[in-house]
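1. can't give you the sequence, but here's the structure:
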């Protein structure tokens, strides 16, 4: 709301800044959840589970700001695309926050068992997912397409690691029934991380749309088409 | 685009109609995936996997229509809220379509093994998730709050079934290592169905916001607050 008589440009800058803060917040949550899992640190795990309120409050705040900007200024072209993108990215980020909680909840159950194995590939998945998220957000702030396109390329890496983790854990489970239950938690965590990557991918696609009016969703990278959105 | 000189009201009706078709499409996909799993029908399973292109095309089309309506007519108040809600609901429905594919892919891997057990609770989860989705869409079309609020209440049912399924399958896995791999697929399917329910919940919340400008997200049902969105 333009309560201080601020101009549209200022409001849009604030909105984008808030989205970036939201992005950093959920990225940290994923990071903390993964570190807490590796260190079997139950205090940290519970901190992530409790911390979701802050994410939810920011989600509502950013939605509200976006909606008010649309209603009050009726922006056109690239500004309209930016705000619609903020609404979508905001909802992706909120779900990443939920996934951090899901990871923490699975970690809490996991730490009730002895460790199945030293965790190597799973933290690696976490690093990749985090990096994808950081790249997607940077490309949003800079309106630069290059990091967004890197994000899309990195999704295959996550998928390969997920399959590898599943195969390895299956071997542990077949060898020792006592490892079944904790292994399933690790498999679930690998799926949560895969979904963090999916959200980063969604964000990257939205950035490309915002910056270029080009829609790369649901298209293989070598068939990217220019679409005639309402342009500048 | 108002290519035929149609009025805003007509365009909005078309937009909502398309969203409803999209909703029916993804609901059928979930239904078909679950029936194919129960019947171990590999042809049907693969049909669901292939059918995602249609969902993706509709997703883009509805996004495009919404964006053009915002850009061309710069609607206010309840109309603006409706279009912003369509954009959000559309993205939820697209993900339900993805989940139907995830269910079908897990089912494909599952049918490579002998059946673990007769499936009873899992199809029940499917029915509940589908019903939640249907109710959420009906409440969107009718702008009626009652079915949307039912959706929010039914989410606990899904959660309880998910936990029950996990416990039961764990027993099978502990008793017979040969059942570990197929059981994990069933556990993953139960998580996918849980997420279908989550998306139905998101949609119901958006409908309540659209109809009343009341935001019930991230709030316990007994603490629903009226928020001062830009009103009519």
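-> Alright, I've got the coordinates. Just so you know, these numbers come straight off a predicted model, no measurement behind them.
2. Helices of chain A, start to end?
-> Counting by DSSP state H, chain A has helices at residues A:8-38, A:42-50, A:52-73, A:77-110, A:121-142, A:145-175, A:180-212.
3. how many neighbours does residue A:171 have?
-> When counting by other CB atoms under 10 Å in any protein chain shown, one arrives at 12 neighbours for residue A:171. For every residue, glycine as well, the C-beta is placed using N, CA and C.
4. Report the separation between it and residue B:170.
-> In this view, residue A:171 and residue B:170 are 18 Å apart by CB to CB, to the nearest Å.
5. same thing with residue A:160?
-> Distance of residue A:160 to residue B:170, given as CB to CB: 28 Å.
6. what about the two, which has more around it?
-> Just comparing residue A:160 and residue B:170: by other CB under 10 Å the higher neighbour count belongs to residue B:170, 16 against 12.
7. Please tell me how far that one sits from chain A.
-> Separation of residue B:170 from chain A (CB to the nearest CB, to the nearest Å) stands at 6 Å.
8. Who are the contact partners of that residue?
-> Listed by CB atoms under 8 Å, 6 or more residues apart in numbering or on different chains, the contact partners of residue B:170 are A:180, A:181, A:184, B:183.
9. isn't residue A:97 right next to residue A:24, touching?
-> No. Using CB atoms under 8 Å as the test, residue A:97 is too far from residue A:24 to be in contact (11.6 Å).
10. any shared contact partners between the two?
-> Taking CB under 8 Å, 6+ apart as the contact rule, residue A:97 and residue A:24 touch no residue in common.
11. Tell me how many other residues surround residue A:33.
-> Using other CB under 10 Å, the number of residues around residue A:33 comes to 28.
12. ok, now the one 3 residues further on?
-> In terms of burial, residue A:36 registers 22 neighbours under the definition other CB under 10 Å.
13. now it, nearest residue through space, not along the chain?
-> residue A:44 (3.6 Å; CB to CB, 6 or more residues apart in numbering or on different chains).
14. Wait, the one you found touches residue A:32, no?
-> Yes. Using CB under 8 Å, residue A:44 is in contact with residue A:32, at 6.1 Å.
15. between those two, who's got more neighbours?
-> Under the criterion of other CB under 10 Å, the comparison of residue A:44 against residue A:32 puts residue A:32 first, with 19 against 16.
16. Contacts only, for the residue nearest to that one when sequence neighbours are not counted.
-> In space, and not counting its chain neighbours, residue A:32 is closest to residue A:48: 5.4 Å by CB to CB, 6+ apart. Neighbouring residues of residue A:48 by CB under 8 Å, 6+ apart: A:29, A:32, A:33, A:36, A:100, A:101, A:103, A:104.
17. now for these, which pair is the farthest apart?
-> Based on CB to CB, the longest span within the contacts of residue A:48 runs between A:36 and A:101 and measures 12.0 Å.
18. Can you check the contacts of residue B:170 and name whichever has the most neighbours?
-> Tallying neighbours with other CB under 10 Å puts residue B:183 at the head of those, with 27 neighbours.
19. Quick check, pLDDT for it.
-> Looking at residue B:183, its pLDDT reads 98.
20. can you count the residues close to the closest residue to it other than its chain neighbours?
-> Leaving aside its sequence neighbours, residue B:183 sits nearest to residue B:169 (CB to CB, 6+ apart; 4.3 Å). Other residues near residue B:169 come to 25 when the count uses other CB under 10 Å.
21. Please apply the same query to the one 4 residues further on.
-> Using other CB under 10 Å as the criterion, residue B:173 is surrounded by 24 other residues.
22. Next up, the contacts around it.
-> Counting by CB under 8 Å, 6+ apart, residue B:173 touches A:173, A:177, A:180, B:179, B:180, B:183.
23. For chain A, what lies in contact range of chain B?
-> Counting by CB under 8 Å from any CB of the partner chain, the residues of chain A close to chain B are A:53, A:56-57, A:59-60, A:64, A:67-68, A:70-72, A:74, A:76-77, A:80-81, A:84, A:87-88, A:91, A:170, A:173-174, A:177, A:180-181, A:184, A:187-188, A:191, A:215, A:217-218, A:227, A:229-230.
24. any chance of the contacts of residue B:173 in TSV, with distance to residue A:121 too?
-> Listed next are the contacts of residue B:173 as TSV, based on distance: CB to CB, whole Å:
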residue	distance to residue A:121
A:173	16
A:177	23
A:180	19
B:179	25
B:180	19
B:183	22
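25. So which of those residues is the closest to residue B:110?
-> Using CB to CB, the contacts of residue B:173 come closest to residue B:110 at residue B:183, 9.1 Å.
26. so the closest one touches residue B:172, yeah?
-> Yes. Taking CB under 8 Å as the definition, residue B:183 is a contact partner of residue B:172 at 5.6 Å.
27. residues shared between the contacts of those two?
-> Residues touching both residue B:183 and residue B:172 (CB under 8 Å, 6+ apart) are residue B:116.
28. Who has more neighbours out of residue A:97 and residue A:24?
-> Neighbour comparison, residue A:97 and residue A:24: the larger count goes to residue A:97, with 25 against 14 (by other CB under 10 Å).
29. which ones are touching the residue lying closest to residue A:27 once chain neighbours are set aside?
-> The shortest distance from residue A:27 to any non-neighbouring residue, by CB to CB, 6+ apart, is to residue A:133 (5.1 Å). Contact analysis of residue A:133 by CB under 8 Å, 6+ apart lists A:23, A:26, A:27, A:30, A:96, A:196, A:199, A:200, A:203.
30. mind putting the residues you listed in CSV, distance to residue A:152 included?
-> Listed next are the contacts of residue A:133 as CSV, based on distance: CB to CB, whole Å:
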residue, distance to residue A:152
A:23, 17
A:26, 20
A:27, 18
A:30, 19
A:96, 17
A:196, 15
A:199, 13
A:200, 9
A:203, 11
